[in-house]
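> Please work out how this folds:
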Amino acid sequence: MKQRQDSDLSCFIRHIAYHFGNCLGILSIHQWRFQTFPLRRVFELMPFLVRFIYTGRVEDEVDLKRMLKIVACGVCDTLRYLKDLPQQTPKKGLYAPDQP
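Numbering: from 1, shown residues only. Below you'll find the predicted structure:
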C-alpha cells in the first residue's frame, strides 16, 4: 500500500506537469496522510509556476534545501510566491496514557 500511495501523488504531479506545465500559474498541495513527495521535483517538472503552496509532510531537511536551491538558482524565474508549511510526523506514543 505504501508504494501505491506514493505513486498516486507522483503520477498526478507528472500528469499535471505534462498537460499544464507551461500554463499553470498556481499549484497548491495539501497532503496530510500519504507518503512524502520530493518538493524539488515539482519545480523540476513545472519551472513556470508563479505561486506554489504546500502543506504537509516533507521528506527531510535535505529536500527543503534542494527545493530552495532550485528556486535560488533561477530555474523558476517566474515564481513570485512560495509558501511551505511542513508538518512534523507525530512521535509514536504521543497520545498514549502515562504508564505508572
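> and Arg14, what does it touch?
Contact analysis of Arg14 by C-beta atoms under 8 Å, 6 or more residues apart in numbering lists Leu45. Glycine gets a C-beta too; all of them are placed from N, C-alpha and C.
> correction: Glu61
Contacts of Glu61 (C-beta under 8 Å, 6+ apart): none.
> One more: Phe43?
So Phe43 contacts Leu49, Phe52, Met67, Ile70, Val71, Val75, Cys76, Leu79 (C-beta under 8 Å, 6+ apart).
> Show me the helices in the chain, by range?
Ranges of helices within the chain are 2-20, 39-45, 61-72, based on DSSP state H.
> Narrow the contacts of Phe43 to those that are buried.
Leu49, Phe52, Met67, Ile70, Val71, Cys76, Leu79 (16 or more other C-beta atoms under 10 Å).
> pLDDT value on the closest residue to the fourth one other than its chain neighbours, please?
Closest residue to Ile70 in three dimensions, ignoring its sequence neighbours and counting by C-beta to C-beta, 6 or more residues apart in numbering: Phe43, at 4.8 Å. Looking at Phe43, its pLDDT is 90.
> shaky segments in this structure?
Across the chain, the ranges flagged by pLDDT under 70 are 1-7, 32-35, 88-100.
> Can you pull up the most central residue in it?
Among the residues of the chain, the one closest to the centroid is Leu39, at 3.9 Å (C-alpha atoms, centre = their mean).
> Just give the nearest non-adjacent residue to that one, would you?
Among residues not flanking Leu39 along the chain, Met67 sits closest, at 4.3 Å (C-beta to C-beta, 6+ apart).
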